[in-house]
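Participant: build me a model from this:
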Amino acid sequence: MTVRTTAPTAATRLLDAFEGVIGIPLPVRVRCWDGSEAGADADLTVVFRNRRAIRRVLWSPNELGFVRAYVSGDLEIDGDIFRLLTLPQLVDRLGKLSLRRPDRRIVLRSLATFLRLAGPGLPPRPPSVEVSRRRGAKHTKARDASSVSHHYDVGNDFYRLFLGPTMVYSCGYWDRQPKSSGDSGTLDDAQIDKLDLICRKLGLGPGMRLLDIGCGWGSMALHAAEKYDVSVVGITLSREQCQWARARVEEAGLTDRIEIRVQDYRDVADGPYDAISSIGMSEHVGASALPGYAAKLFGLLKPEGRLLNHAIASVVAREGGNGNGLIDNYIFPDGEVLPLSRTVDAFERAGLEVRDTEALREHYALTLRAWVDRLRDSWDDAVRLVGGERARTWLLYLAASALGFEEKDRLTIHQVLAVRPSDDGSSGLPRTRSLWLG
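Facilitator: You can find the predicted model right below:
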C-alpha cells in the first residue's frame, strides 16, 4: 500500500482503499470532490466529482456501476479514456508479477473506508439514458423495434459527427496502399471500399434486385444502385434512418431504383431477390431467432442468389446476450454477439451453402479508433445534440469496442458469403475467389 506522509484526505483514503483491495499500487492519480489529489504523477487522473460516484460503484460493484458513474458525470476521466479502459488488464498483469497478496484485514478495512466515503444513501437513480424496463418477450417484433429505436433514433446529425459523409455505421475495409508509415487511407475511403467489396462478393450487375436488410442511412443501397445499376429495397426499423435515407435517394435522383422501408425482415414478402446484404444487422437477431432469420433469407433468394452477412462475432461463446453492463443497458438492448460457428450452422441448416468467410477484426479496430477521434474532435457539438450523458455513453462504447477488437480472444467480425443452390446443385459462383471478386 502507498505510504502517506500527510494527513489523509478523501483522495488518499480512497486510493489507499482501492490499493488495499487489489493488493498493489495503482498507476493512476485520483482527484476527489474536496479538491484533494493522490497517487502517481500519471497521465491519467480519475476524478470523483462527488460521493455519489462511490455509491454507484458500491451498489453495483461491476462494469455497470462504473458505467453509471461515468455516464452520469459523477466520475470523470482527465486523460486518455483508452488508458482507463486498459487499466484492469494492466492491474491484472502487475498483480501476477507481484508476490504480494491482499490481506483480508486490509480488504475489510478498505471496504469500511469506501462505505464512510460514500456516505449514507439509497442506490442512486440510474442515468436517464439507461434502458428502462423492457416489455414483451425477447426478439418479438415490437421489442426488437423498441431496441433498435433506442440505439438509432437519437438524431441523424449526431451520427454524422463521427460517421462522416458516408454515414456508414459498420466496419470499414482498410485496403488502400499506405501513403506513409502508419497511414492506411481515410475512414471514408475504408467505408467506400467496404461497400464495393460487398457488391463484388454479391456479384451485382445491371438489372439485378438487391435486398439490403438493416439498410441504415441508405449508403449500401446508393452505392449498389449508382455503381452496379441494380434495383434496391432497403429496410430498417429506425424511422430517423429511413427519413434520412429517403432524402439521400431523392437527392441522388434514384427513387425509381431504390425503395427504403420501415419494415421488419420477417415481414418482407416480395421476393425473390438476386442478392441480399445484411450489414451489421444480425447482431440484433439473437440466438433464439437465428434459425428463423436464416430460413427467411433462404426463402427470399432466387436459386443461385447470394447472401452477404457482415456481423460481429464472439471468439468465445457468450450465450444470452451481452451481460449486465454497458452494451446491454445502454447501447444494444437484447443484442447478442454469437460465435461464427452458430451463424454458419444456422445458414447451412436453412439450406444455404456457405462459400466464403473473411475475418476483419483489425479493420474494425481501425474504424472504431477513427470514430473515437471524430467524436472527441466534435465533443461540444455532440453534447449540444444529445446531451452529456449520451455523449459520454457513446465515447465509452466506441473506445471499449476498439480495445475489444484489438485484444485477442474477445471480439472479431466476419463477412460470410452464402448462396442458395439451384435444384441441380449449381451455385452460380465462379470456381475461385479471384474470379468472383472481379
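Participant: any stretches of this protein with poor pLDDT?
Facilitator: 1-7, 89-102, 134, 177-185, 316-324 (pLDDT under 70).
Participant: what ranges do the strands span in it?
Facilitator: Using DSSP state E, the strands of the chain run over 29-31, 37-39, 44-48, 75-79, 209-213, 231-236, 258-262, 273-279, 301-314, 353-359, 411-419.
Participant: ok, which of these comes nearest Thr367?
Facilitator: Closest to Thr367 of these is strand 411-419 (Cβ to Cβ; 9.6 Å). Every C-beta, even on glycine, is put in place using the N, C-alpha and C of the backbone.
Participant: which elements pack onto that closest one?
Facilitator: helix 187-201, strand 301-314, helix 340-349, strand 353-359, helix 361-377, helix 388-406 (3 or more Cβ pairs under 8 Å, 6 or more residues apart in numbering; DSSP states H and E).
Participant: swap the cut-off to 6 Å and go again
Facilitator: Here strand 411-419 touches strand 301-314, strand 353-359, going by 3 or more Cβ pairs under 6 Å, 6 or more residues apart in numbering; DSSP states H and E.
Participant: dump the first one to PDB, keeping only the CA atoms.
Facilitator: Listed in PDB are the C-alpha atoms of strand 301-314, where the atom choice follows Å, rounded to 0.1, in the frame of the first residue of the first chain:
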ATOM      1  CA  LEU A 301     -33.300 -15.600 -52.500                       C
ATOM      2  CA  LYS A 302     -33.600 -16.900 -56.100                       C
ATOM      3  CA  PRO A 303     -31.800 -20.100 -56.800                       C
ATOM      4  CA  GLU A 304     -28.100 -19.200 -57.200                       C
ATOM      5  CA  GLY A 305     -28.800 -16.000 -55.300                       C
ATOM      6  CA  ARG A 306     -26.100 -14.800 -52.900                       C
ATOM      7  CA  LEU A 307     -26.200 -13.600 -49.300                       C
ATOM      8  CA  LEU A 308     -23.500 -11.500 -47.600                       C
ATOM      9  CA  ASN A 309     -23.800 -11.400 -43.800                       C
ATOM     10  CA  HIS A 310     -21.400  -8.900 -42.200                       C
ATOM     11  CA  ALA A 311     -21.600  -9.300 -38.400                       C
ATOM     12  CA  ILE A 312     -19.600  -9.100 -35.200                       C
ATOM     13  CA  ALA A 313     -18.800 -12.500 -33.700                       C
ATOM     14  CA  SER A 314     -17.500 -13.500 -30.300                       C
END
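Participant: what does it contact?
Facilitator: Contacts of strand 301-314 from elsewhere in the structure, counted by Cβ atoms under 6 Å, 6 or more residues apart in numbering, are 198, 201-202, 272, 274-279, 282-283, 297, 337, 339-340, 412-420, 422, 428.
Participant: what's the answer for the last one, then?
Facilitator: With Cβ under 6 Å, 6+ apart as the contact definition, strand 353-359 has outside contacts at 344, 347, 412, 414-419, 421, 429.
Participant: include neighbour count and distance to Trp217 when you put these into a markdown table, please.
Facilitator: Below are those laid out as a markdown table (neighbours: other Cβ atoms under 10 Å; distance: Cβ to Cβ, whole Å):
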| residue | neighbour count | distance to Trp217 |
| --- | --- | --- |
| Val344 | 19 | 29 |
| Phe347 | 24 | 27 |
| Thr412 | 20 | 25 |
| His414 | 21 | 23 |
| Gln415 | 20 | 20 |
| Val416 | 23 | 23 |
| Leu417 | 24 | 24 |
| Ala418 | 28 | 26 |
| Val419 | 24 | 28 |
| Pro421 | 17 | 33 |
| Leu429 | 19 | 30 |
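Participant: can you name the two of those that are farthest apart?
Facilitator: Thr412 and Pro421 (27.4 Å).
Participant: any idea how far Asn156 is from the nearest residue to Met167 once chain neighbours are set aside?
Facilitator: Distances taken as Cβ to Cβ, 6 or more residues apart in numbering put Trp217 closest to Met167, at 3.9 Å, once the chain neighbours are dropped. Computed as Cβ to Cβ, to the nearest Å, the Trp217 to Asn156 distance reads 7 Å.
Participant: what's the overlap in contacts for those two?
Facilitator: Trp244.
Participant: quick one, which of these two is more surrounded?
Facilitator: Using other Cβ atoms under 10 Å as the criterion, Trp217 and Asn156 rank with Trp217 on top: 29 against 19.
Participant: wait, that one touches Arg246, no?
Facilitator: No - counting by Cβ atoms under 6 Å, Arg246 is not a contact partner of Trp217; they are 10.0 Å apart.
Participant: so where do the helices sit in the stretch 51-200 of the chain?
Facilitator: 52-59, 63-72, 81-85, 87-97, 104-118, 141-152, 156-163, 187-201 (DSSP state H, counting those that start in this stretch).
Participant: just the angle for the first one relative to helix 104-118, thanks.
Facilitator: The directions of helix 52-59 and helix 104-118 differ by 130 degrees, with axes from the mean of the first three to the mean of the last three Cα atoms, to 10 degrees as the criterion.
Participant: how far off strand 75-79 does helix 52-59 point, in degrees?
Facilitator: Going by the same axes, to 10 degrees, helix 52-59 makes 110 degrees with strand 75-79.
Participant: picking that back up, would you show me how to pick out the buried ones of the contacts of strand 301-314 in ChimeraX?
Facilitator: Those of the contacts of strand 301-314 that count as buried under 16 or more other Cβ atoms under 10 Å are selected in ChimeraX with:
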select :198,201,202,274,275,276,277,278,279,282,283,297,337,339,340,412,413,414,415,416,417,418,419,420,428
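Participant: how about the helices and strands packed on strand 411-419 in TSV, adding distance to Leu237 and mean neighbour count?
Facilitator: Formatted as TSV, the entries for those read as follows, by distance: least, Cβ to Cβ, whole Å; neighbours: other Cβ atoms under 10 Å:
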stretch	distance to Leu237	mean neighbour count
strand 301-314	17	22
strand 353-359	26	15
